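**Student:** how would this look folded up:
(one chain, ligands or ions: 1)
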Amino acid sequence: MEHADRVRALLVSEQDRIGARVSKLEHDIAALTSARRSAVDDDEHDPDGEPLSARWSLLAGLLDSARDDARQAADALRRLDAGTYGVCAQCGEPIPVGQLEVRPFRERCVACTP
Ligand SMILES: [Zn+2]
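**Tutor:** Numbering: from 1, shown residues only. Next comes the predicted model:
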């Protein structure tokens, strides 16, 4: 039980960290979007147009992956509640602790990960 509580605390703190990353990226993208819009509203040739869209693509990619991490964190917490956390979803064997320390949201053992 104590172990499960420790795992839960770890997963929740990871989830908080990821949530903060998602919020920050959303904020950055919103700021960038309004910067682009005002550049267009000004109806001026925008020499920064390219770099802005490149930056936007970069942030959008980071946000996608942060949201994916958030989903994995939520899944891991659900598995913890269901009592299946740390059990490989494929072979049903316990996932070695060392592998979970590297990737706490791991759903499969290294051998079963494509
Ligand atoms: Zn496995």
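
**Student:** per-domain residue ranges of the chain.
**Tutor:** Here the domain parsing of the chain from automatic domain parsing is 2-83, 86-114.

**Student:** next SSE after the longest helix along the chain?
**Tutor:** In the chain, with assignment by DSSP state H, the single longest helix is helix 2-41. Counting by DSSP states H and E, the next helix or strand C-terminal to helix 2-41 is helix 49-82.

**Student:** can you list the weak-confidence ranges in the chain?
**Tutor:** Applying pLDDT under 70 to the chain flags residues 1, 39-50.

**Student:** Can you name the residues of this structure sitting close to the ion?
**Tutor:** 88, 90, 91, 109, 112 (Cβ under 5 Å from the ion). All C-beta spots, glycine's among them, are computed from the backbone N, C-alpha and C.

**Student:** Can you flag the buried ones in those residues?
**Tutor:** Neighbour counting with 16 or more other Cβ atoms under 10 Å marks 88, 109 as buried within the residues of the chain next to the ion.

**Student:** Which two among the residues of the chain next to the ion are spaced furthest apart?
**Tutor:** Across the residues of the chain next to the ion, the longest distance by Cβ to Cβ is 7.6 Å; it joins 90 and 109.

**Student:** Which residue, other than its chain neighbours, is closest to residue 112?
**Tutor:** Leaving aside its sequence neighbours, residue 112 sits nearest to residue 90 (Cβ to Cβ, 6 or more residues apart in numbering; 3.8 Å).

**Student:** Tell me the secondary structure of that neighbour, please.
**Tutor:** Assigned with DSSP: H, G, I helix; E, B strand; the rest coil, residue 90 falls in the coil class.

**Student:** Would you mind measuring from it to residue 23?
**Tutor:** Counting by Cβ to Cβ, to the nearest Å, the gap from residue 90 to residue 23 is 33 Å.

**Student:** For burial, what's the neighbour tally of residue 7?
**Tutor:** When neighbours are counted by other Cβ atoms under 10 Å, residue 7 registers 17.
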